[in-house]
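# could you look at this predicted model? Sequence included:
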Amino acid sequence: MPIIKVIIPAYNEGNSIANVINDIPEIVDEVIVINNNSTDDTAKNAKNAGATVLTETNKGYGFACLKGMDYISNLPKKPDIIVFLDGDYSDYPEELSKLIKPIIEDDIDLVIGARIKASRESNSMTPQQVFGNWLATFLMKLLYQARFTDLGPFRAIKYQKLLILQMQDKTYGWTVEMQLKALKQKLSYIEIPVKYRQRIGVSKVSGTIKGSIFAGFVILGWIFKYSIKK
């Protein structure tokens, strides 16, 4: 089996993080939770559930992911596959095996867990999330001939390919940056339908008007930035 590590950014996910960790398949070598300035028991609960816990004081999804990557870069033995997963228990961690299968069996570089409507629990995605995903992926199809239908955070990628992307985004643009750079680098990619349920707690992004607007600007900014570079 390849060496698989999971990176989970987490901000105030104390009520859900243990559920997420406990449902991750045993084929995973290490679960890395990045405590992103939480004020609750996120770090404690993650550690008790068996995860490696890192601290990133700069708030931002991308900041947390980059912290996890920095940690991995200093390990003596590097992983083959990195899986990104949210800490709110909206995804089904046990489906990780589905995401890594195309990488192992078909040599695919990047696999996105697509939250298709048929597999989503009612009200698990807000109207602004649904519209935002549609708009972003529509523009990516229009500008780059991409086949993406979702910016889902549950995703798996070959570690060496992830390094090639030279990820930079510090906030909400992390997912779209990865997909845009995968297109630019001509990585092979595929979407796998995954189940999706209502998260535990309130979303820090789609749960507020300010968060939704800011995330939208960041995502669209990345898309148009790359259209200018073409």
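That came through fine. Numbers count the residues shown, from 1 in each chain.
# going forward, measure contacts between C-alpha atoms and count neighbours the same way
Fine.
# the spatially closest residue to Thr39 that is not a sequence neighbour is in what secondary structure piece?
Nearest non-adjacent residue to Thr39, counting by C-alpha to C-alpha, 6 or more residues apart in numbering: Asn12, 6.2 Å away. Asn12 belongs to no helix or strand when assigned by DSSP states H and E.
# number of nearby residues for Ile164?
Neighbourhood size, Ile164 [other C-alpha atoms under 10 Å]: 11.
# and what of Pro76?
Neighbour tally, Pro76, other C-alpha under 10 Å: 7.
# what residue is smack in the middle of the chain?
Per C-alpha atoms, centre = their mean, the C-alpha nearest to the average position across the chain is that of Pro153, at 2.9 Å.
# re the thing from before, wait, the residue nearest to Thr39 sits on Asp41?
Yes - look at Asn12 against Asp41 with C-alpha atoms under 8 Å: they come within range, at 7.4 Å.
# more neighbours, those two?
Neighbours per residue (other C-alpha under 10 Å) separate Asn12 from Asp41, with Asn12 holding more: 21 against 16.
# just the pLDDT for that one.
Confidence at Asn12, expressed as pLDDT, is 96.
# got it, and the one 4 residues further on?
We note a pLDDT of 97 for Ser16 in this prediction.
# just give me the neighbour total for it.
Per other C-alpha under 10 Å, the neighbour tally for Ser16 reads 20.
# ditto for the one 3 residues further on
Residue crowding around Asn19 was assessed by other C-alpha under 10 Å; the count is 18.
# and the one 10 residues further on, by the same measure?
Residues within reach of Asp29, counting by other C-alpha under 10 Å, total 14.
# I'd say it and Ile3 touch.
Yes - under the criterion of C-alpha under 8 Å, Asp29 lies in contact with Ile3, with a separation of 6.0 Å.
# where do the strands sit along this structure?
Secondary structure of the chain, counting by DSSP state E: strands at 4-10, 30-35, 52-55, 81-84, 110-114, 155-158, 189-193.
# so can I have a markdown table of these showing distance to Ile164 and mean neighbour count?
Conversion of the strands of the chain to a markdown table gives the following (distance: least, C-alpha to C-alpha, whole Å; neighbours: other C-alpha atoms under 10 Å):
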| stretch | distance to Ile164 | mean neighbour count |
| --- | --- | --- |
| strand 4-10 | 18 | 25 |
| strand 30-35 | 21 | 25 |
| strand 52-55 | 24 | 17 |
| strand 81-84 | 13 | 23 |
| strand 110-114 | 12 | 25 |
| strand 155-158 | 10 | 24 |
| strand 189-193 | 15 | 18 |
